[in-house]
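Novice: sequence-free structure coming up:
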């Protein structure tokens, strides 16, 4: 029996280089990265405030939230609300009259609560660590379902909501969860994707620094994230969010929706080998299994959007995995989006996918930028570097997202053709 | 410190914690919750800001005394003056 077909009918996003899909896509085709140096508590010498490169979103949070909501809620919640509201608007759904109990909210996050906890510890440090100055907002801000829950409160959605903690594979995992819930008939409409507020946590930066994985560049923040470049030296932490509306095909068609893509294959697997180091064998297996689910051959994939984060080891490992699966595929092209926006953590999978969706219509593959000297160990025949590539047709995209503890995800989307 | 001054301190705190509310023209004798959209969490915020900004403690059993601006002035002024 053919599984129920699930389609994407709307997208809302905020990325460091765009607050709409149109703006974001234009910047990806024009080679416009947007990373800046920001002040970060304790990241200077001897505990002083220092500067770190980061991707910062400049959407207007007051577009969809009151000032009080912004004060009480979290940045992750705010990003999630903005992206969810924009997705609903983009979908053309008659939201006012939609049965809110039939909507599910599935938001991927890499982590949640670090920002709020660090802020409160800092706050009570000003009061000799007396916990009577600890905010009563702490628990609702730090419960793991916070970003998804804030969406439901803001939008009056009464169906299920939760976050999916899947490290940096979380954006894809949110979409996969939504697909499964739609197939199970648990909901009729899903708001799903991923968010990140991680740039407000010094711990994330300090952790990557201690790991030797925090990227830097001597002069230009926009050059820090440079996957596959020989001189790459680590990650740029970014915030961002991307939420999609997903529906069963028959429902989408019944309301005359504009269908952006169909999800035809997916897979999540586990390395079972290391807390941090990637495992190309399992990554390749993940992609192959996603292809099996989709029922297509590797050669039918037009774009592989890599997860590569600009770390010396990770990029090589992923290319190794891709070569193994797509080595004999002359029309499969490989690109990367983090070179523009850094690593949007929980949002990465969903946001990077969004940057590639317009390829179904313009048949242009956005390049990975900042490759001044290609690392021979990352070289691949069809790596799209520095300049966009126009091809005859883009019909299938495979989106990779991998995360710590060895979680791998691959999502396959197909151009919708009735 | 006068009760009027203490009332103004409370209004300043409300402006911080409920920035969407219009606090001009608040009637001192009418409950704050009847005049604007404040919930129990907001009152906890008022208590916290009194503690943080002014070193004033309001024990839980006295929370009802923060109901209106007038009762805030009456209850809090001695605390401010005792500092």
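Specialist: It's in. These numbers were taken from a predicted model, which means no experiment stands behind them.
Novice: element containing the residue in chain B positioned nearest to chain A?
Specialist: Nearest to chain A in chain B, going by CB to the nearest CB, is residue B:19, at a distance of 4.0 Å. Every C-beta, even on glycine, is put in place using the N, C-alpha and C of the backbone. Counting by DSSP states H and E, no helix or strand carries residue B:19.
Novice: now residue A:192
Specialist: strand A:189-196.
Novice: next one: that strand to chain centre, how far?
Specialist: Distance of strand A:189-196 from the chain centroid (CA atoms, centre = their mean, to the nearest Å) equals 10 Å.
Novice: list the buried residues of the helix or strand following it.
Specialist: Of the helices and strands lying after strand A:189-196 in sequence (DSSP H and E), the nearest is helix A:202-210. Of the residues in helix A:202-210, those buried by neighbour count under the rule 16 or more other CB atoms under 10 Å in any protein chain shown are A:202, A:204, A:205, A:206, A:208, A:209.
Novice: please apply the same query to stretch A:48-59.
Specialist: Quick answer for stretch A:48-59 (16+ other CB under 10 Å): A:50, A:52, A:53, A:54, A:55, A:57, A:59.
Novice: do stretch B:68-83 as well
Specialist: Buried-residue list, stretch B:68-83, by 16+ other CB under 10 Å: B:68, B:69, B:71, B:72, B:73, B:75, B:76, B:77, B:79, B:80.
Novice: helices - which of those land there?
Specialist: Among these, the residues falling in helices (DSSP state H) are B:69, B:71, B:72, B:73, B:75, B:76, B:77, B:79, B:80.
Novice: tell me the SS of the closest residue to chain B within the stretch 301-418 of chain A?
Specialist: Chain B sits closest to residue A:346 of the stretch 301-418 of chain A, with a gap of 26.8 Å, by CB to the nearest CB. Assigned by DSSP: H, G, I helix; E, B strand; the rest coil, the conformation of residue A:346 is helix.
Novice: test my guess that it contacts residue A:168.
Specialist: Yes - counting by CB atoms under 8 Å, residue A:346 touches residue A:168, with 7.1 Å between them.
Novice: ok, back up a step: just the pLDDT for the residue of chain B closest to chain A.
Specialist: pLDDT, residue B:19: 92.
Novice: next, give phi and psi for residue A:272.
Specialist: phi 50, psi 40 (degrees, to the nearest 10).
Novice: so who does the closest residue in space to it that isn't next to it in sequence touch?
Specialist: Leaving aside its chain neighbours, residue A:272 sits nearest to residue A:406 (6.3 Å; criterion: CB to CB, 6 or more residues apart in numbering or on different chains). By CB atoms under 8 Å, 6 or more residues apart in numbering or on different chains, the residues touching residue A:406 are A:270, A:271, A:272, A:273, A:274, A:275, A:278, A:279, A:282.
Novice: which one (most neighbours) among those residues?
Specialist: Using other CB atoms under 10 Å in any protein chain shown as the neighbour test, the contacts of residue A:406 are led by residue A:278, with 26 neighbours.
Novice: count the residues that sit near residue A:256.
Specialist: 7.
Novice: from chain B, how far out is it?
Specialist: The gap separating residue A:256 from chain B is 37 Å, by CB to the nearest CB, to the nearest Å.
Novice: that residue - that's part of a strand, no?
Specialist: No - using three-state DSSP, the assignment for residue A:256 is coil, not a strand.
Novice: closest to the centroid, which residue in chain B?
Specialist: residue B:10 (3.8 Å; CA atoms, centre = their mean).
Novice: residues contacting that residue?
Specialist: Counting by CB under 8 Å, 6+ apart, residue B:10 has contacts B:46, B:66, B:69, B:72, B:73, B:76.
Novice: for the residues you listed, which two are the farthest from each other?
Specialist: Across these, the longest distance by CB to CB is 13.6 Å; it joins B:46 and B:73.
Novice: what's the closest of the buried residues of helix A:202-210 to chain B?
Specialist: For the buried residues of helix A:202-210, the nearest to chain B is residue A:202 (22.5 Å; CB to the nearest CB).
Novice: list the residues that contact the closest one.
Specialist: Contacts of residue A:202 by CB under 8 Å, 6+ apart are A:40, A:41, A:42, A:43, A:118.
Novice: how does it look with 10 Å?
Specialist: A:40, A:41, A:42, A:43, A:49, A:50, A:52, A:114, A:115, A:118, A:122, A:209 (CB atoms under 10 Å, 6 or more residues apart in numbering or on different chains).
Novice: go through these and flag which are in strands.
Specialist: A:40, A:50, A:52 (DSSP state E).
Novice: correct me if wrong: the first one contacts residue A:198.
Specialist: No - using CB atoms under 10 Å, residue A:40 makes no contact with residue A:198, being 11.4 Å away.
Novice: need the overlap of contacts for these two.
Specialist: Common neighbours of residue A:40 and residue A:198 (CB under 10 Å, 6+ apart) are A:54, A:204, A:205, A:237.
Novice: tabulate the residues you listed in JSON lines, adding columns for distance to chain B and pLDDT.
Specialist: Output for the shared contacts of residue A:40 and residue A:198, formatted as JSON lines (distance: CB to the nearest CB, whole Å; pLDDT from 0 to 100):
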{"residue": "A:54", "distance to chain B": "27", "pLDDT": "98"}
{"residue": "A:204", "distance to chain B": "27", "pLDDT": "98"}
{"residue": "A:205", "distance to chain B": "28", "pLDDT": "98"}
{"residue": "A:237", "distance to chain B": "29", "pLDDT": "98"}
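Novice: could you redo the residues you listed as TSV and give each row distance to residue A:332?
Specialist: Formatted as TSV, the shared contacts of residue A:40 and residue A:198 follow (distance: CB to CB, whole Å):
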residue	distance to residue A:332
A:54	32
A:204	33
A:205	35
A:237	30
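Novice: max pairwise distance over the residues you listed: which two?
Specialist: A:54 and A:204 (9.9 Å).
Novice: burial of residue 42, as a residue count?
Specialist: No chain specified, so I'll use chain A. 15.
Novice: let's do chain B instead
Specialist: Neighbours around residue B:42, by other CB under 10 Å: 20.
Novice: circling back: looking at the contacts of residue A:202, which is nearest chain B?
Specialist: In terms of CB to the nearest CB, no member of the contacts of residue A:202 lies closer to chain B than residue A:122, at 13.5 Å.
Novice: contacting residues around the closest one?
Specialist: A:41, A:42, A:202.
Novice: of these, closest to residue A:179?
Specialist: residue A:202 (35.7 Å).
Novice: for residue A:48, see how far away the closest one is.
Specialist: 12 Å (CB to CB, to the nearest Å).
Novice: quickly list what's touching both of these two.
Specialist: A:41, A:42.
Novice: show me which residues of stretch A:315-335 are buried.
Specialist: Across stretch A:315-335, burial judged by 16+ other CB under 10 Å covers A:315-326, A:329, A:332-335.
Novice: likewise for stretch A:101-115?
Specialist: For stretch A:101-115, a neighbour-count test (16+ other CB under 10 Å) marks A:103-115 as buried.
Novice: now the end-to-end length of that stretch.
Specialist: 31 Å (CA to CA, to the nearest Å).
Novice: what ranges do the helices span in the stretch 201-350 of chain A?
Specialist: Taking DSSP state H, counting those that start in this stretch to define them, one finds helices in the stretch 201-350 of chain A at A:202-210, A:249-254, A:280-294, A:312-326, A:338-341, A:348-356.
Novice: of the buried residues of helix A:202-210, closest to residue A:262?
Specialist: Closest to residue A:262, out of all of the buried residues of helix A:202-210 and judged by CB to CB, is residue A:204, at 34.6 Å.
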